[in-house]
Every structure is written in C-alpha cells, then in structure tokens.
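Q: What follows is a protein structure lacking sequence information:
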C-alpha cells in the first residue's frame, strides 16, 4: 500500500513541476494577453493550465523509452561514496524511512485539506438551509422565472432562496443549483437591479462555473504543498467573474453597462454595511471586493467592449504549448533524480563496489556469444551510420559504423562469424547492450545481421 501511495505522490509532484512551469508562464503573460483578448479566452487558457496539473504527458515519453517499466519493476540504483555527506543523508533517509514518511505526510495533508473544506462547505449548506426560505412571490421571483424562460434554463433544477445568515449573493450546486439572496437585499433593489443580479448568477449556472471551481478545489487539495496553485485558484476566480460580465454585456449598450456598474457598487456598499463572515467565501459570487486592482480591472472590462486579436491568441497558445513542452522535458529529466530522493524503491550502492572490480569486465556483455547457422537464416543489412562493435570468436574487437560496401570486383563473399554489439547510453546513466548474430565478409567488409542473441540493461552503465 505504501508503495502505491509513494508512486502517486511522486506522480503528483512531477505533475506539479509541469503545472508550475505552465502556470508561471500564464501568470507572467496574463495582463498582456487580456489587453489583446477577452476574459473568456483567459478562462480557456486557465483550463489548459489546470489540465497540465492532471495529465502526465511525461509518462507517455516514459512508456516509449521504457523508463516507467524499469522504475516500477526494479530498484533504482543510487551510487554513494562512503564517508561523504551524500552517504550520510541516504543512510539516514533509509534508516528513518524518509520516503514513506514524506508520502504519508502528503496524504495526511490531502485528507486534512479535504476534511476542513468539505466540512466547511457542508456546514455552510446546513446554515443556509436552516436560515433560508424559498422566494415565492415578488419581483425577485418574477425576474427569476422570466430569465429562466428566456435563457434556456427552464429544464434545469434551480432553487431561489433568501437567507438571513448569508452576507452576499451566492450560487451553489453542480446538479441541483441554488441561488441564495441575502435577506437584507430583498427590499433594497429595484426591478432593473434585481434583473441584473439574477442574470449574473444565471450566467454562472449556464457556464457551469461551480463545477470548474470544485475541480480547482480538488487540484488544490492534491497540490497543497505548492503555493502557486492557490494563486492560480484566486486568479481563475477573477477571470471567471470577468468572463461572466463579458457574456452578460456582449450586446449591451452604454446605458446598460453603466447600470451594471451602479448595481455592482451598490452591492459592495450594502455588503460593507453588514457584519462580515471571516471564514466563508461563496462558490460563485457577484464580487469579492478583495483587491482594488481587480475591482478597477473589472470596471474597465464592463465599460469597454473587447475585441480579441487573433495574433494575441496565437501568441498565447504558442507560449502555453512551449511552456508545456519545457515543463514536460523538465519533469522527464527530473524523473530519476526525484525518484532517487522521494522513492521508497531504491537500492544504495557504495561506489567502491564498482571501482577496480574485474568481475565487471568479465560480465560487461562484450564477450563472444556463440551461435549456430540457424541464427543466420534470416539476415538484414544494418542501417548506414549505425555503429556496432564487432566481437569475434578469438576476442578481437572492431568498430563498425554501417558504412556502405566497398566497390570491388565480383567475388564470392568469405563470411566469418562475429557478434554485432549495439550500445545505447541513456541520459539517466543506464545503458542497453544488444547483441546480434552476424557475419562479416573479409573481402568487401559486408556485414549482415541475424537473430538477436541477447539484450542486457546496465544501471549504471559500466562500459
């Protein structure tokens, strides 16, 4: 069980590396991109950033080079020099079970995060239910019903409630939606202002913003150790609000836009007059009033109609794709170093065991492997440029680079048996040595390959 938890933790950590690269790129470019695009486009880019915290593209790479298989089936060998700091650290880590304890700490963090926030959510829902009543008449219900009919939301299960406990308008629910209106607002807004507020909340419902925020909440729980994820969560909330404004005001004239700002400011003033709830933030809100910079940007977004520029969108997509590639390469390069530190599936070797050890020379795979004529029944010519080391029966070695045959007069080839050794070194320090049955002509240097006789993997490479 601990091995599975450890494997999941390492995967989440590497995904967090990729997501951090992509997310940092997005955060650095977001102000520039918004000037030349729209909040709706920014939300789409945010979704891509979130996906990079979830989809392990580096695993696809690992499937192709079989590193995933080696890491799952074999212990990762870590070489240490006796008496060094590295030796002390790894010895202490192995003694205290550092990898298991760290994985368990991550799992406990996830559980606590979920417990606190899920508990908070259900506590809020319980308080709302206990302090709420259905709005059964009046301008709020009239506008609510009219918007549902005109907005293609008549088939959805949506409740309209008023609450004496809530201090701000909020939308809850993924399947069954609930719009909760603070009791103090019921008599303070006119018909046009009520329509604007309800249209805003209905836009959140139509865009399914609550589900997106729940998904981001789950992402935060898995990456509770990464502060960038919390910043991305706050940023996503802001872009969702701006996107909702844009959708509402897509075809609005100047008068309606100014009325929209007037309602927004009125709601802010009314909320300031109420006693603030310190620990509660709604799943989808009309405004959070936490940053002057954000409020200014929202006001500008309401006043100005935005026309997205294709060039900016292409630049944004190209930048994110580039960041995705860089993050994936970085995660792949870190796969072995991270596993050597965080994995509970490693083997620690002293470097002295490998120095001046003649047994390595005897078992390095470069001895001749005998074969019968049956191994040469089906032959192929090596690709030009492929490098082999030929090992003959008497132990003689010769480099062969798959060169073209030398032009000679017609002759009958005089073949001698040899082994063609193909040595491939990987970036993690391991290597693969493949031995083919082969024959080489002593007259024209023609080389033909037969069956594969062996395939050996050395971690680390000892050649």
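A: Done, it's in. Given the structure is predicted, the values throughout are model-derived calculations rather than measurements.
Q: For burial, what's the neighbour tally of the nearest residue to residue 294 once chain neighbours are set aside?
A: Among residues not flanking residue 294 along the chain, residue 238 sits closest, at 5.5 Å (C-beta to C-beta, 6 or more residues apart in numbering). Yep, even glycine has a C-beta here, placed from its N, CA and C like the rest. By the measure other C-beta atoms under 10 Å, the count of residues near residue 238 is 20.
Q: residue boundaries of the strands in the stretch 1-150 of the chain?
A: 76-80, 132-134 (DSSP state E, counting those that start in this stretch).
Q: Could you do the stretch 151-300 of the chain as well?
A: Under DSSP E, counting those that start in this stretch, the stretch 151-300 of the chain gives strands at 158-163, 170-172, 177-182.
Q: How about residue 32, nearest residue that isn't a chain neighbour?
A: Distances taken as C-beta to C-beta, 6+ apart put residue 312 closest to residue 32, at 8.0 Å, once the chain neighbours are dropped.
Q: And the one you found, its phi and psi?
A: Per-residue torsions, residue 312: phi -70, psi -40 (degrees, to the nearest 10).
Q: picking that back up, measure the residue nearest to residue 294 to residue 54 for me?
A: 22 Å (C-beta to C-beta, to the nearest Å).
Q: one step back: Serialize the strands of the stretch 1-150 of the chain to JSON lines and add fields for distance to residue 210, mean pLDDT and mean neighbour count.
A: Below are these laid out as JSON lines (distance: least, C-beta to C-beta, whole Å; pLDDT from 0 to 100; neighbours: other C-beta atoms under 10 Å):
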{"stretch": "strand 76-80", "distance to residue 210": "43", "mean pLDDT": "73", "mean neighbour count": "17"}
{"stretch": "strand 132-134", "distance to residue 210": "18", "mean pLDDT": "89", "mean neighbour count": "13"}
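Q: I'd like to know which of those strands lies nearest to residue 269.
A: Proximity to residue 269 (C-beta to C-beta) singles out strand 132-134 among the strands of the stretch 1-150 of the chain, at 23.7 Å.
Q: got a list of contacts for that closest one?
A: Strand 132-134 is contacted from outside by 159, 160, 161, 162, 163, 164, 165, 166, 180, using C-beta atoms under 8 Å, 6 or more residues apart in numbering.
Q: Looking at those residues, which has the smallest pLDDT value?
A: Lowest pLDDT of those: residue 166, 82.
Q: Give the bridge partners for the residue nearest to it when sequence neighbours are not counted, please.
A: Distance criterion C-beta to C-beta, 6+ apart; nearest residue to residue 166, sequence neighbours excluded, is residue 182 at 4.8 Å. Using DSSP bridges, the bridge partners assigned to residue 182 are residue 163.
Q: picking up where we left off before, which one of the strands of the stretch 1-150 of the chain lies closest to residue 295?
A: Per C-beta to C-beta, nearest to residue 295 of the strands of the stretch 1-150 of the chain: strand 132-134, 28.6 Å.
Q: That closest one: how far from the chain's middle?
A: Centre-to-centre, strand 132-134 and its host chain are 41 Å apart (C-alpha atoms, centre = their mean, to the nearest Å).
Q: Ok, stretch 253-269 next?
A: Relative to the centre of its chain, stretch 253-269 is centred 39 Å away, using C-alpha atoms, centre = their mean.
Q: Brilliant, that's me finished.
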